[in-house]
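Trainee: need a 3D model of the following:
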Amino acid sequence: MDEPTNQQLEKEILVEENQIKNLNRRVLMLTAAFVLVVGGAIGGGVYWLISRNQVAIDNSQISAPQIDLAPQTAGILQEIYVRAGDTIDANTIVAQVGDELIKSKVAGLVISVQNDTGKLFNPGQPVVSMIDPTELRVVGQLDENKGLKDVRVGDPATFTVDAFGSKQYYGTVDEISPTARSGDVVFNISDQRPTQSFDVKVRFDTSAYPELRNGMSAKIYINTQ
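Mentor: Got it, this is the predicted structure:
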């Protein structure tokens with residue numbers, strides 16, 4: 001029997017090398033597919049666990065309690081000394097009504113001013129309104145049948161703000177209203193039972209997020225325990 005020539009040996013070696021390369025490709029493809037399937041399953045499981053223990057509140061807003069500055073006695077508005085948007089210190093004179101000087105009790109941000117010089121203001125009628133920016137919270141309205149029973153003070157929360165897209169902010173549930181919001185009664189179509197809505201407030205580090213402003217729309221995600 002004739003011995004194979006060098007050319008024939010080279011062809012056989014080349015065929016074997018191609019077969020090995022093809023086998024390696026198949027192994028790599030199978031491995032990649034396996035990793036994708038396992039990774040997808042793990043990711044899906046993690047997402048399911050997170051979403052199962054998460055309460056979302058779409059109807060939310062950045063806000064702080066409004067502080068109204070008003071005269072104690074009736075009088076004519078003589079002068080306004082501040083404008084909306086001003087940042088003022090505590091004990092700043094903001095207006096004069098009759099002989100009374102209206103002062104701020106705390107430092108904060110002026111959000112509205114009644115520029116009605118010469119108008120009569122009654123006791124308690126606001127001349128200037130302001131907020132304390134350190135008291136900003138994310139306030140959401142949560143229906144009682146959408147996870148309210150699972151939310152606790154101290155639960156960690158994340159939130160997004162419409163003005164800043166998908167950027168995530170972090171906070172903690174600070175307060176859950178003990179009573180329903182007046183006038184926010186929604187009827188369930190199936191049985192016409194009223195559904196009440198409750199305020200949920202999330203505290204955050206205002207110094208870490210100076211871009212957040214009073215009145216911005218937001219969405220809250222609470223991670224329940």
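Trainee: for the spatially most central residue of the chain, which non-adjacent residue is closest in space?
Mentor: Centrality entry for the chain: nearest residue to the mean C-alpha point is Phe159, 2.6 Å, by Cα atoms, centre = their mean. Leaving aside its sequence neighbours, Phe159 sits nearest to Ile220 (Cβ to Cβ, 6 or more residues apart in numbering; 4.7 Å). Every residue, glycine included, has its C-beta placed from N, CA and C.
Trainee: who's in contact with the one you found?
Mentor: Contacts for Ile220 were tallied using Cβ atoms under 8 Å, 6 or more residues apart in numbering; they are Ala56, Ile57, Ser60, Val138, Gly140, Ala157, Thr158, Phe159, Val200, Val202.
Trainee: could you look up the SS state of the second one?
Mentor: The three-state label for Ile57, taken from DSSP: H, G, I helix; E, B strand; the rest coil, comes out as strand.
Trainee: ok, it touching Val200?
Mentor: Yes: proximity of Ile57 to Val200 meets the contact threshold set by Cβ atoms under 8 Å, at 6.4 Å.
Trainee: between those two, which is the more surrounded one?
Mentor: More crowded of Ile57 and Val200, by other Cβ atoms under 10 Å: Val200, with 27 against 24.
Trainee: what's the host helix or strand of the more buried one in contact with?
Mentor: Per DSSP states H and E, Val200 falls inside strand 197-203. Residues from elsewhere that reach strand 197-203 (Cβ under 8 Å, 6+ apart): 57, 137-144, 148, 151, 157, 159, 171-177, 179-181, 184-186, 220, 222.
Trainee: okay, now the domains of this structure?
Mentor: Using automatic domain parsing, the domains assigned to the chain come out as 1-52, 55-64+134-223, 67-133.
Trainee: can I get the ones you listed in JSON lines including mean pLDDT?
Mentor: Compiled in JSON lines, those are given as follows (pLDDT from 0 to 100):
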{"stretch": "domain 1-52", "mean pLDDT": "59"}
{"stretch": "domain 55-64+134-223", "mean pLDDT": "90"}
{"stretch": "domain 67-133", "mean pLDDT": "97"}
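Trainee: what comes up buried for stretch 151-170?
Mentor: Of the residues in stretch 151-170, those with enough neighbours to count as buried (16 or more other Cβ atoms under 10 Å) are Val151, Asp155, Ala157, Thr158, Phe159, Thr160, Val161, Tyr169.
Trainee: wait, which of the residues you listed is closest to Met130?
Mentor: Taking Cβ to Cβ as the measure, Met130 sits nearest to Val161 out of the buried residues of stretch 151-170, at 21.9 Å.
Trainee: many thanks, have a good one.
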